[in-house]
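1. Show me the folded form of this:
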Amino acid sequence: MSDLMRIGANIEALKSFNSLMQINDKMSVHQLRLATGKRINSAGEDPAGYALARSLESRKRGLSVALDNVSNAKNVLNVAEGGYQNIMDILQTCKEKATQAADGSLSGEQMTAIHNQVKALVTEIDEIAEGTTFNSYALIGEIPDALKFHTGEQETDTLSVTLDSATSNAIGGTGGTDISAIDLTSADSAAAAISTLSTAIDALSGSIQEVGQYKARLDTKESNLSVAITNTEAVRSKIEDADFAKEQMEVMKLMILQQTALSSFVQSNSDPQIVLSLFR
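-> The predicted structure is shown next:
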């Protein structure tokens with residue numbers, strides 16, 4: 001016997017109502033995805049996918065911090081290199097003055113004047129070396145601080161840096177060239193000073209080269225981190241983010257089903273009226 005002839009329970013209406021509720025629930029899910037831009041909005045929707053997405057998000061954040069650390073390390077090295085370059089300019093000037101003083105045609109007064117100029121420049125070298133700091137860390141002073149930069153997501157991803165001193169008594173680091181006592185008061189002492197200053201220039205060039213090598217390593221690390229961040233985010237996005245075209249298509253389909261289910265529900269509620277017609 002057809003359910004239409006039973007009036008104790010409108011089974012067809014209940015079925016239509018349940019179908020309508022299921023469609024509404026699905027509609028809510030897809031509309032939420034469109035609103036948030038995420039396919040997974042709670043762990044209940046996809047437990048494994050949610051956990052993996054959170055793990056990837058954590059990794060991306062760690063990599064991003066490491067990338068910031070690399071940028072900070074490069075800034076520190078740029079400060080140190082700037083100090084070295086300023087001292088290099090002074091050394092070049094001192095060598096020019098020494099070459100000038102080595103000319104035997106100069107008078108004693110002229111020699112003394114040049115000597116005093118160079119001594120003032122040597123003092124400036126020490127001021128620059130001791131003043132080249134970053135967050136109170138001495139970079140190229142008499143006793144440079146040891147620095148350690150965390151440049152990756154792992155505990156062991158570090159770069160330790162200790163730069164050479166550039167003070168006048170140890171240009172180029174421990175055992176470096178001492179120009180603090182150069183004497184330009186005679187042609188002979190000036191000639192000796194030329195050799196000393198040339199050695200100091202070579203030593204400082206080595207220190208600058210070392211900074212360049214550190215920066216090259218950081219450039220490589222920066223590039224690798226950028227690629228890792230991009231790839232990690234791409235995987236997370238594929239797992240967690242919504243496909244807007246697909247979600248919009250699902251919403252349109254569910255809207256049609258919603259209308260048909262509602263129409264069926266209305267029709268099912270009117271079916272018991274057929275029974276009443278039998279008594280007319």
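2. make it CA atoms for all contacts and neighbour counts henceforth
-> Fine.
3. quick check: domain ranges of the chain?
-> 3-37+242-277, 47-239 (automatic domain parsing).
4. Distance check, Asp202 against Gln209.
-> Applying Cα to Cα, to the nearest Å, the value for Asp202 to Gln209 is 10 Å.
5. Next: Thr199.
-> From Thr199 over to Gln209 (counting by Cα to Cα), the distance is 15 Å.
6. try Ser107
-> Look at Ser107 and Gln209: by Cα to Cα, they are 40 Å apart.
7. Tell me, how many residues neighbour the residue nearest to Val79 when sequence neighbours are not counted?
-> Closest residue to Val79 apart from its sequence neighbours, by Cα to Cα, 6 or more residues apart in numbering: Thr132 at 7.0 Å. Using other Cα atoms under 10 Å, the number of residues around Thr132 comes to 23.
8. And for the one 4 residues further on?
-> Neighbour count for Ser136, taken as other Cα under 10 Å: 9.
9. dump the residue contacts of it.
-> If you count contacts by Cα atoms under 8 Å, 6 or more residues apart in numbering, Ser136 has none.
10. Tell me the confidence at it?
-> You'll see Ser136 listed with a pLDDT of 91.
11. which helices and strands does the strand or helix carrying Gly212 pack with?
-> Using DSSP states H and E, Gly212 maps to helix 187-240. On a contact count with 3 or more Cα pairs under 8 Å, 6 or more residues apart in numbering; DSSP states H and E, helix 187-240 meets helix 47-101.
12. what about the chain, any weak spots by pLDDT?
-> Along the chain, segments meeting pLDDT under 70 span 1-10, 265, 268-280.
13. If you compare the directions of the host helix or strand of Lys119 and helix 187-240, what angle comes out?
-> Per DSSP H and E, Lys119 falls inside helix 108-131. Counting by axes from the mean of the first three to the mean of the last three Cα atoms, to 10 degrees, helix 108-131 lies at 20 degrees to helix 187-240.
14. Tell me which residues are up against stretch 45-64.
-> By Cα under 8 Å, 6+ apart, stretch 45-64 touches 40, 42-43, 152-153, 225, 228-229, 232-233, 235-236, 239-240.
15. Tell me, how many residues neighbour the closest residue to Gly104 other than its chain neighbours?
-> Closest residue to Gly104 apart from its sequence neighbours, by Cα to Cα, 6+ apart: Ala187 at 5.7 Å. Applying other Cα under 10 Å, we find 21 residues neighbouring Ala187.
16. shouldn't Ala187 be in contact with Thr99?
-> No: Ala187 is beyond contact range of Thr99, at 9.1 Å (criterion: Cα atoms under 8 Å).
17. thinking again about what came up before, counting by contacts, list what the helix holding Lys119 packs against.
-> Helix 108-131 packs on helix 47-101, going by 3+ Cα pairs under 8 Å, 6+ apart.
18. ok, 10 Å please
-> helix 47-101, strand 137-138, helix 187-240 (3 or more Cα pairs under 10 Å, 6 or more residues apart in numbering; DSSP states H and E).
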